[in-house]
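Enquirer: Next one to model:
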Amino acid sequence: MVSLKEVVNDPQGLVVQEALHAVGYPEVGGARVGKFIRLELEGPDQEKAGARVEEMCRRLLCNGVIEDFSFELSPV
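Expert: As a prediction, the model looks like this:
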């Protein structure tokens with residue numbers, strides 16, 4: 001998951017929150033919009049796979065200036 005850092009304004013999140021209020025969900029106190037990226041990697045070593053995914057996020061998938069990322073690995 002790649003999402004804007006908490007200190008960065010999220011205009012899409014504000015639009016989602018306002019739209020939910022408009023259709024009857026006033027209890028929504030905030031919304032943030034992000035990207036979900038699913039990757040399938042080949043290899044037997046989960047530790048190496050995690051290191052590679054972190055590298056991919058830092059180098060290409062996430063703008064470290066304004067975005068944070070998190071990931072989880074699941075064997076298939």
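Enquirer: Which residue of the chain lies farthest from its centroid?
Expert: The centre of the chain is farthest from one residue, residue 24, which by C-alpha atoms, centre = their mean lies 26.5 Å away.
Enquirer: any idea of the pLDDT on it?
Expert: For residue 24, the pLDDT comes out at 98.
Enquirer: residues in contact with residue 71?
Expert: Contacts of residue 71 were listed using C-beta atoms under 8 Å, 6 or more residues apart in numbering, and they are 1, 50, 53, 54, 57. The C-beta positions use only the backbone N, C-alpha and C, and glycine is treated the same way.
Enquirer: The fourth one looks like it's in a helix, true?
Expert: Yes: the assignment for residue 54 (DSSP: H, G, I helix; E, B strand; the rest coil) places it in a helix.
Enquirer: how near is residue 64 to residue 39?
Expert: Separation of residue 64 from residue 39 (C-beta to C-beta, to the nearest Å): 18 Å.
Enquirer: which phi and psi does residue 34 have?
Expert: phi -140, psi -170 (degrees, to the nearest 10).
Enquirer: Ignoring the adjacent residues along the chain, who's closest to it?
Expert: Leaving out its chain neighbours, the residue that sits closest to residue 34 by C-beta to C-beta, 6 or more residues apart in numbering is residue 3, at 3.1 Å.
Enquirer: how many neighbours does the one you found have?
Expert: Other residues lying near residue 3 total 19 when counted by other C-beta atoms under 10 Å.
Enquirer: Next, it: phi, psi?
Expert: phi -140, psi 160.
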